[in-house]
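Trainee: okay, here's the prediction I keep looking at, along with the sequence it came from:
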Amino acid sequence: MRTAIAMLLCLTQPLSAAENCTEDAMIVFDGSGSMGEMGFNMLSTPRIFEAREAMARAVPPIAAQRKLGLIVYGPGPVPCGGVDLRFAPIPNAAPHVLGAIESLQPRGETPLTEAVVAAARVLGHPEKPGTVVLVTDGKETCGGATCQVAADLAAEGDGLTIHVIGFRVQGEHFQYDEGYGTGTSVADCMAEATGGQYIAAANADDLAAAMAITLGCPIYGALE
């Protein structure tokens, strides 16, 4: 059953996504070790399981309308060395995106700031406009100056929009009555600096809806 937030997101199509839905986009996906965790109560499924489900629902209709690329961050030969450009934006990228995420085994640290910068450069920022959607379960753990880097990217030019989806982010102090996924990622400032959105996603429904809103064209304002 869908949560109230998922239904609300599905029914809402912000202008920022609608106006730029034909621009090339990069998905920056969290593959760090925490994506394999289940949460404080150890009863829920690992984040990566729900993420795969959500992406399988959301990506195909989006990829049919715009070019998508993918960067995965986390797994790597050395700590904080795992920023992996899987491919630059291509047409009909759904099989490539979903195949990469399906085979992903979460591990490593979280160099999310470096990964977003890499995505911006792949898109040709600042010479070309583009959209980055960062999927993260929380913190930068590799020393990246997330907010300063966002400000620097914005200062280079206004053609880059970074949306941030905080997937099952836990706050500093877990509260059972608040549920899991109610926290805010430190990367929310990236969205604020570039005119993007920060969307908290507590489960697969929320994540699928958030992907549709940040990357989808208006005709995909609701998921089937």
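Mentor: Structure's in. What do you need? Numbers count the residues shown, from 1 in each chain.

Trainee: partners of the spatially most central residue of the chain in the sheet?
Mentor: Geometric centre of the chain, nearest residue: residue 135, 2.1 Å, by C-alpha atoms, centre = their mean. Applying DSSP bridges to residue 135 yields these beta-bridge partners: residue 29, residue 165.

Trainee: from what I can see it touches residue 214, true?
Mentor: No: with contacts counted by C-beta atoms under 8 Å, residue 135 stays clear of residue 214, the gap being 9.8 Å. Bear in mind the C-beta positions are built from the backbone N, C-alpha and C, glycine included.

Trainee: that older thread, give the contact list for the residue nearest to the centre of the chain.
Mentor: Neighbour list for residue 135: 27, 28, 29, 30, 51, 165, 167, 207 [criterion: C-beta atoms under 8 Å, 6 or more residues apart in numbering].

Trainee: farthest pair within those residues?
Mentor: 28 and 207 (14.1 Å; C-beta to C-beta).

Trainee: what is the end-to-end distance of stretch 184-191?
Mentor: 12 Å (C-alpha to C-alpha, to the nearest Å).

Trainee: in the chain, which spans are strands?
Mentor: Under the criterion DSSP state E, the chain contains strands at 25-30, 68-73, 83-90, 130-136, 160-167, 198-201.

Trainee: let me see the mean pLDDT of stretch 80-93.
Mentor: Averaged over stretch 80-93, pLDDT sits at 96.

Trainee: may I see the buried residues of it?
Mentor: 80, 82, 83, 84, 86, 88, 89, 93 (16 or more other C-beta atoms under 10 Å).

Trainee: now stretch 117-127
Mentor: For stretch 117-127, the neighbour count (16+ other C-beta under 10 Å) marks 117, 118, 119, 120, 122, 123, 125, 126 as buried.

Trainee: for the nearest residue to the fifth one once chain neighbours are set aside, what are its contacts?
Mentor: The one in question is residue 122. Distance criterion C-beta to C-beta, 6 or more residues apart in numbering; nearest residue to residue 122, sequence neighbours excluded, is residue 88 at 5.1 Å. By C-beta under 8 Å, 6+ apart, the contact set of residue 88 is 26, 69, 122.

Trainee: ok, residue 21 - contacts?
Mentor: Going by C-beta under 8 Å, 6+ apart, the list of residues near residue 21 reads 65, 66, 215, 216, 217, 218.

Trainee: in helices, which of these appear?
Mentor: residue 215 (DSSP state H).

Trainee: now the protein, which segments are flagged as low pLDDT?
Mentor: 1-20, 38-44, 171-182, 218-224 (pLDDT under 70).

Trainee: if you set the cut-off to 80 instead, what comes out?
Mentor: 1-22, 38-44, 170-183, 217-224 (pLDDT under 80).

Trainee: what's the local residue count around residue 94?
Mentor: 17 (other C-beta atoms under 10 Å).

Trainee: so how far is stretch 45-60 off the chain centroid?
Mentor: Centroid displacement of stretch 45-60 relative to its chain, using C-alpha atoms, centre = their mean, to the nearest Å, is 12 Å.
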